[in-house]
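J.: need coordinates for the following:
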Amino acid sequence: MDGPLSDGRRVAAGPASVDSLDGAADGVAVSADAGGDAPTVTFRWWICGLLFAATTINYIDRQVLGVLAPDLGRIIGWNELQYSYIVSAFQAAYAIGLVCAGAIIDRLGARIGYALAIGVWSLAAIGHSFATTALGFGVARFFLGLGEAGNMPAAVKTVAEWFPRRERALATGIFNAGTSVGAVLAPLFVPIVAVTWGWRAAFVFTSVLSATWLVLWLKTYRPAPQSQADSGAKPRWIELLQHRQAWAFVAGKVITDPIWWVFLFWLPKFLHQEYGLSLLNLGPPLIVIYLMADAGSVAGGWLAGRFLRRGWSVNRARKTTLLICASTVTPIVLSFQAHSLWLAVGLIGLATAAHQGWSVNLFTLPSDLFPQRAVASVVGLGGFGGAVSGMCFSTLTGLLLQTTGSYIPIFIMAATAYLVALAVIHLLVPRMAPAPI
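T.: Okay, here's the model as predicted:
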């Protein structure tokens with residue numbers, strides 16, 4: 001059978017060597033089960049399940065404060081400005097944490113690096129339950145942002161260690177679906193816990209979830225055997241940024257991450273403003289949209305793997321999938337003209353599904369283009385750029401809505417951002433040649 005190489009060439013390979021050819025030529029770590037060993041296959045999908053659980057907990061943790069904010073504002077006594085400082089503390093720490101976490105995880109390895117990240121965010125989550133002032137919540141949110149920033153770099157690095165290239169996008173799609181699952185579960189279960197046992201118990205509950213995950217991770221995870229072979233010096237940030245491959249990933253995150261933040265922060269306001277939905281009526285539309293996003297996450301990963309199994313080069317498979325996702329976002333520009341709530345929900349849900357499909361393929365680029373020892377660092381750099389860009393775009397969104405009261409400019413930018421990002425990525429890495437590290 002044929003095994004695609006990253007520069008578009010094809011070579012003949014037997015079944016036992018396909019996975020080695022997937023990454024060995026460019027120094028990227030590949031799956032340990034080149035021969036299809038059943039226990040190893042089972043183990044790596046178990047690891048994928050753990051990554052999905054961690055990502056779900058990650059998004060539940062960050063949503064708790066938002067769900068409880070109306071009651072906490074009354075109980076603690078903070079004003080709108082103080083609450084904005086609390087939110088900004090998380091966003092700033094998340095941006096800082098992304099760029100630092102990647103380097104730390106590459107140095108310590110996925111097992112210890114991931115454990116450190118989730119340990120920090122578990123302690124920060126329970127720290128909210130001891131806060132009695134806006135400043136106390138701000139401090140807790142800052143450390144939560146630092147810890148949660150390690151999730152994506154560690155998860156992508158783990159996938160790079162354990163999965164062959166043709167399965168990485170699918171594995172990333174599965175664990176990335178946890179972002180939408182967490183966004184759905186938080187408003188369903190957090191109010192129940194808070195009403196039954198008090199608001200402090202809600203933060204304790206999420207902390208227990210992450211601590212339980214940490215025990216399972218340390219008890220079961222082991223590095224992939226072949227990851228030990230990629231034990232060269234860990235490149236510094238300045239070295240990584242000398243390569244166009246790193247800038248391609250950073251550019252993709254900077255241009256498209258803000259759109260996802262808009263979906264998270266402004267979608268309820270859009271549905272309320274345009275369709276008059278009350279707080280109680282927001283649930284079903286939001287659940288439908290995030291479930292569609294989950295489907296897009298898995299489908300985007302599956303599609304890229306399907307192209308690779310058909311013998312396509314990594315360059316062709318990744319960029320074709322990215323183009324399909326980018327094109328599928330464009331109908332969102334019609335959302336502001338939708339006369340039916342559920343038509344608007346369908347168009348927005350299609351865009352969130354396409355974003356997630358785009359995102360999982362974008363997250364595979366570092367493992368396609370860099371050796372395993374640099375993957376988390378590159379993901380961290382891109383995540384930092386995306387977080388900063390997201391903060392700036394959120395401010396721009398607020399100014400546009402304050403000035404015009406219209407979502408039209410925002411939907412137009414959302415519809416075009418992915419196509420622009422793909423054009424930039426293609427200019428920077430036209431043949432997906434690995435970085436010479």
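J.: so for stretch 302-322, mean pLDDT?
T.: Averaging pLDDT along stretch 302-322 yields 95.
J.: so which bits of that stretch are buried?
T.: 302-305, 307-308, 312-319, 321-322 (16 or more other C-beta atoms under 10 Å). Placement of C-beta: from N, CA and C, glycine included.
J.: same question, stretch 402-409
T.: For stretch 402-409, by 16+ other C-beta under 10 Å, it's residue 407.
J.: likewise for stretch 337-349?
T.: Residues 338, 341, 344-349 are the ones in stretch 337-349 that count as buried (16+ other C-beta under 10 Å).
J.: about what we covered before: what's the closest of the buried residues of stretch 302-322 to residue 41?
T.: Residue 41 has its nearest neighbour among the buried residues of stretch 302-322 in residue 305, at 14.4 Å by C-beta to C-beta.
J.: count of residues packed around residue 220?
T.: 11 (other C-beta atoms under 10 Å).
J.: find me the pLDDT at it, would you?
T.: On the pLDDT scale, residue 220 is placed at 91.
J.: isn't it up against residue 49?
T.: No - Residue 220 lies out of contact with residue 49 (C-beta atoms under 8 Å); the separation is 10.5 Å.
J.: what about the strands in this structure?
T.: Applying DSSP state E to the chain gives strands spanning 2-4, 10-12.
J.: picking up where we left off before, just the closest of the buried residues of stretch 302-322 to residue 169, please.
T.: Distances from residue 169 to the buried residues of stretch 302-322, taken by C-beta to C-beta, are shortest for residue 304, at 4.0 Å.
J.: how about the nearest residue to that closest one, chain neighbours excluded?
T.: Leaving aside its sequence neighbours, residue 304 sits nearest to residue 169 (C-beta to C-beta, 6 or more residues apart in numbering; 4.0 Å).
J.: isn't the one you found right up against residue 362?
T.: No - between residue 169 and residue 362 there is no contact under C-beta under 8 Å: 9.7 Å.
J.: the more surrounded of those two?
T.: Set side by side, residue 169 and residue 362 show more neighbours around residue 169, with 33 against 29, by other C-beta under 10 Å.
J.: any idea of the pLDDT on that one?
T.: In this model, residue 169 carries a pLDDT of 89.
J.: mind listing what it touches?
T.: Neighbouring residues of residue 169 by C-beta atoms under 8 Å, 6 or more residues apart in numbering: 300-305, 318, 321, 360-361, 364.
J.: now for those residues: which two are most distant?
T.: Taking C-beta to C-beta, no two of the contacts of residue 169 sit farther apart than 302 and 318, at 13.5 Å.
J.: for residue 347, which non-adjacent residue is spatially closest?
T.: Nearest to residue 347 is residue 335, by C-beta to C-beta, 6+ apart, at 4.7 Å.
J.: ok, now how distant is the closest residue to residue 384 other than its chain neighbours from residue 105?
T.: Leaving aside its sequence neighbours, residue 384 sits nearest to residue 99 (C-beta to C-beta, 6+ apart; 3.9 Å). Separation of residue 99 from residue 105 (C-beta to C-beta, to the nearest Å): 12 Å.
J.: could you do residue 333 as well?
T.: From residue 333 to residue 105 the distance is 38 Å (C-beta to C-beta).
J.: cool, and residue 389?
T.: 22 Å.
J.: same check, this time on residue 434
T.: Computed as C-beta to C-beta, the residue 434 to residue 105 distance reads 20 Å.
J.: who has more neighbours out of those two?
T.: More crowded of residue 434 and residue 105, by other C-beta under 10 Å: residue 105, with 28 against 21.
J.: once you drop chain neighbours, what's closest to that one?
T.: residue 113 (3.3 Å).
J.: who's in contact with that neighbour?
T.: Residues in contact with residue 113 (C-beta under 8 Å, 6+ apart) are 101, 104-107, 150, 153-154, 157, 376.
J.: grab the nearest non-local neighbour of residue 388.
T.: Setting aside the residues directly before and after it, residue 388 is nearest to residue 95 in space (C-beta to C-beta, 6+ apart), at 5.3 Å.
J.: list the contacts for residue 277?
T.: So residue 277 contacts 268, 271, 285, 341 (C-beta under 8 Å, 6+ apart).
J.: mind redoing it with 6 Å?
T.: If you count contacts by C-beta atoms under 6 Å, 6 or more residues apart in numbering, residue 277 has them with residue 271.
J.: and it, how far from residue 270?
T.: For residue 277, the distance to residue 270 equals 10 Å [C-beta to C-beta].
J.: leaving out the residues flanking it, which one is nearest to residue 338?
T.: With C-beta to C-beta, 6+ apart as the criterion, residue 338 has its nearest non-adjacent residue at 3.9 Å, and that residue is residue 344.
J.: how far away is that neighbour from residue 366?
T.: Relative to residue 366, and taking C-beta to C-beta, residue 344 is found at 35 Å.
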